[in-house]
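>>> sequence unavailable; structure follows:
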């Protein structure tokens, strides 16, 4: 008989992330590149292994090709285990039905049998759209100490942002007294981080009840959590202090990248050996900085070739910046080429894009209404101007 | 190619004694993120040779650490994959010396079992100090087309007197058939074919050579065997036209690293389409440049923090160059720390070297100043 697992993680990675626009045209949000050599999903996966959780189900649905290939057998995260490890869980055809995942709760509900195989006491629910490092083990200790049925990790957010989050109130012991999903206004600024620990038996019974309710949207925030609270279950808020960034929009993804360049913000320490973020590496040579090149306050990685100027920017592997080209305040993803004389400012350039000679992409941050986006595989012709805040992407048929 | 690959990890250790005191030639760091064995290993893998034995002798802990399961070269296989073949001493054998070898032929005798058990029809032998990106399938086609018994890979170079005694010079009949094999002597000059320590032959032919050597006490593959078979057997030389570098001295090691700063060298060695050079994944962070960083004509690995000036240098993973520090014409290996306002010129630091604030260290390109692993200044 196999040893049971105390706690396993279920990572919701099926969302489209439509607010990331062209970036998620052909990849799921958790597979969007971040910080030079990472993808968003590296953060929850690395947090799991660093917290001693070695069994992770990754629930995929939207554009899973890149994500599946990236996660693979889980080896970069030490999650290639004979028992446990990482498993990709796509929607499937069952004996009497075949359903897409209708909501976050439904996605877990359709995989109850996966959870049962490991007979865990606790189930950790994660999402794939945040940049943070966290020891889930401490949260689990908190959950056990409170003899809780559900623990929700929470963080304080600015008052104007409450409408983007599940907002809750808790008493002095941390017991949750009120929960509102995305309220217009709220007294409380304690926001749910979308990280839940459930005691397995409670989770199962509420998910089964939720599945039988035809009115339900099958969503944790909208349905399951409020139902548990109404029934008076023991629900606790676990306060998290530290860097946590939602990267659901182009602006916030850009900011999170820039935060890596700002020591004063002390964001996640990528180099911290105890909280190391693991990623699947590309096979690329070291990066080369040529005579006459300028690289200031930036992040470079393997395979980059810099002959121009790179300031306040984050570059993924195999990016080429030709002579006389200038990249400022920008995020350039893998294998893109910035031709000579081109200027890229306050932009995100997705992978395999080509910025033609002397093209002008975006405007200074102070002047531009929003971050400019050049989609994957887009070729900007020589001398063209792409205005600040504009989005260029490949046509749908071309992307197939 | 249906061949078993054999890599000699210790041969020529004495060429760069400083760096091989505590490691094999195979695990000598090179080019920011590689070890020398990455080149023969990647050449094998890129030519579909996936059953590889690495013959080693002493100091092989760092080699085993580097190779691990072989996963990073895609050589963690159910069938074949990579095997490290250390010497062994049998239980009832009192002559300890039996377990060790001094020449290539004795090394092969030590792995007779491995060679016999392999199922591949051919064998490819390669040393570690032969740095190139070569399509072995092309050599194999040549080998078959010539109906050769042995094909040695060589590069045509102008002989340098300083390398006398360190290289094998081949002569051919103009059609590739070897007519003479000789150790380079000081009177040899001009452009000659120099053996690159890579060889293809049938496995059963190799076995017959090894058994012959054991039977007659032969020590030297070329001297005692191949030289005498030049007329009876078909021994050919394949001329490699691409980039090749061998490491015969510390100065060679220094200039070899430095030549990676030339684009055509990187194109010929590191970025050949379809033939990547694999190495151990270290999971470093990306490299961070601060506002005061000034970097020119340099090659840098991941995981570094650059706050000072770096010129014409090779910077390995996890190196820290502090504010006001100036690094010129130097090779800084993994996790070297350079303090504030420190100046380095023609310096090679081995792994984990710590150089405090305000130091001024300099060597010359022919005599680079070498700091051993873990040194603190």
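Great, that's in hand. Only a predicted model underlies this, so the values are computations on that prediction, with no experimental measurement involved.
>>> top helix in the chain by residue count?
This is for chain A. For chain A, the longest helix by residue count, based on DSSP state H, is helix A:200-212.
>>> if you could check chain B rather than the one you did, that'd help
If you go by DSSP H, chain B has its longest helix at helix B:203-216.
>>> elements contacting that one?
helix B:104-110, helix B:112-117, strand B:122-127 (3 or more Cβ pairs under 8 Å, 6 or more residues apart in numbering or on different chains; DSSP states H and E). C-beta: built from backbone N, CA, C; applies to glycine.
>>> what's the most buried one of the ones you listed?
For the helices and strands packed on helix B:203-216, the largest average neighbour count (mean count of other Cβ atoms under 10 Å in any protein chain shown) is found in strand B:122-127, namely a mean of 24.
>>> okay, angle between that strand and helix B:203-216 too, please.
Put simply, strand B:122-127 runs at 60 degrees to helix B:203-216, going by axes from the mean of the first three to the mean of the last three Cα atoms, to 10 degrees.
>>> what residues sit buried inside stretch A:139-158?
If you call a residue buried by 16 or more other Cβ atoms under 10 Å in any protein chain shown, then stretch A:139-158 has these buried ones: A:139-140, A:142-144, A:146, A:148-155, A:157.
>>> which two from those residues end up farthest apart in space?
Using Cβ to Cβ, the buried residues of stretch A:139-158 span at most 27.1 Å, a distance reached by A:144 and A:157.
>>> which of the three states applies to the residue sitting furthest away from the middle of chain B?
Within chain B, residue B:291 marks the point farthest from the mean C-alpha position, 37.5 Å out by Cα atoms, centre = their mean. Here residue B:291 is coil, with the state taken from DSSP: H, G, I helix; E, B strand; the rest coil.
>>> got a pLDDT number for it?
Looking at residue B:291, its pLDDT reads 94.
>>> leaving out sequence neighbours, find the closest residue to it.
residue A:297 (4.5 Å; Cβ to Cβ, 6 or more residues apart in numbering or on different chains).
>>> then residue B:255?
Distances taken as Cβ to Cβ, 6+ apart place residue B:365 nearest to residue B:255, at 7.0 Å, with adjacent residues excluded.
>>> so how many other residues sit close to that neighbour?
Number of residues near residue B:365 (other Cβ atoms under 10 Å in any protein chain shown) recorded here: 12.
>>> surely it and residue B:329 touch.
Yes: using Cβ atoms under 8 Å, residue B:365 makes contact with residue B:329 at a distance of 6.7 Å.
>>> picking that back up, how about the residue nearest to residue B:255, what does it touch?
With contact set as Cβ atoms under 8 Å, 6 or more residues apart in numbering or on different chains, residue B:365 has these partners: B:251, B:254-255, B:258, B:329, B:346.
>>> got the phi and psi for it?
phi -60, psi -30 (degrees, to the nearest 10).
>>> can you check the pLDDT for residue 90?
In the absence of a named chain, this looks at chain A. Model confidence at residue A:90 (pLDDT) stands at 93.
>>> not what I meant, chain B
Predicted confidence (pLDDT) for residue B:90: 59.
>>> can you check residue B:96 too?
47.
>>> what does residue A:398 give?
49.
>>> from the stretch 51-200 of chain B, which residue is nearest to chain A?
Relative to chain A, the nearest point of the stretch 51-200 of chain B is residue B:71 (6.9 Å; Cβ to the nearest Cβ).
>>> contact partners for that residue?
Counted by Cβ under 8 Å, 6+ apart, residue B:71 has contacts residue A:75.
>>> tell me the contacts of residue B:279?
B:33-35, B:38, B:72.
>>> check residue B:40 too.
B:5, B:7, B:126-128, B:130, B:198.
>>> and it, what element?
Per DSSP states H and E, residue B:40 falls inside helix B:38-46.
>>> how near is residue A:250 to chain B?
Residue A:250 sits 21 Å away from chain B, going by Cβ to the nearest Cβ, to the nearest Å.
>>> neighbours of the closest residue to that residue other than its chain neighbours, how many?
Distances taken as Cβ to Cβ, 6+ apart place residue A:371 nearest to residue A:250, at 5.2 Å, with adjacent residues excluded. Residue A:371 has 23 neighbours, counted by other Cβ under 10 Å.
>>> gap between residue A:371 and chain B?
Taking Cβ to the nearest Cβ, one finds residue A:371 at 20 Å from chain B.
>>> from what I see, that residue and residue A:345 are in contact.
No: taking contacts as Cβ under 8 Å, residue A:371 lies outside contact range of residue A:345: 10.0 Å.
>>> and the closest residue to residue B:129 other than its chain neighbours, what pLDDT?
Using Cβ to Cβ, 6+ apart and skipping residues adjacent in sequence, the residue nearest residue B:129 is residue B:247, 4.3 Å away. For residue B:247, the model assigns a pLDDT of 89.
>>> residue B:247: how many residues sit nearby?
25.
>>> and residue B:341, by the same measure?
Residues near residue B:341, counting by other Cβ under 10 Å, number 15.
>>> need the contact list for it.
Residue B:341 neighbours (Cβ under 8 Å, 6+ apart): B:323-325, B:357-358.
>>> so it, which of the three states?
From three-state DSSP, the assignment for residue B:341 is coil.
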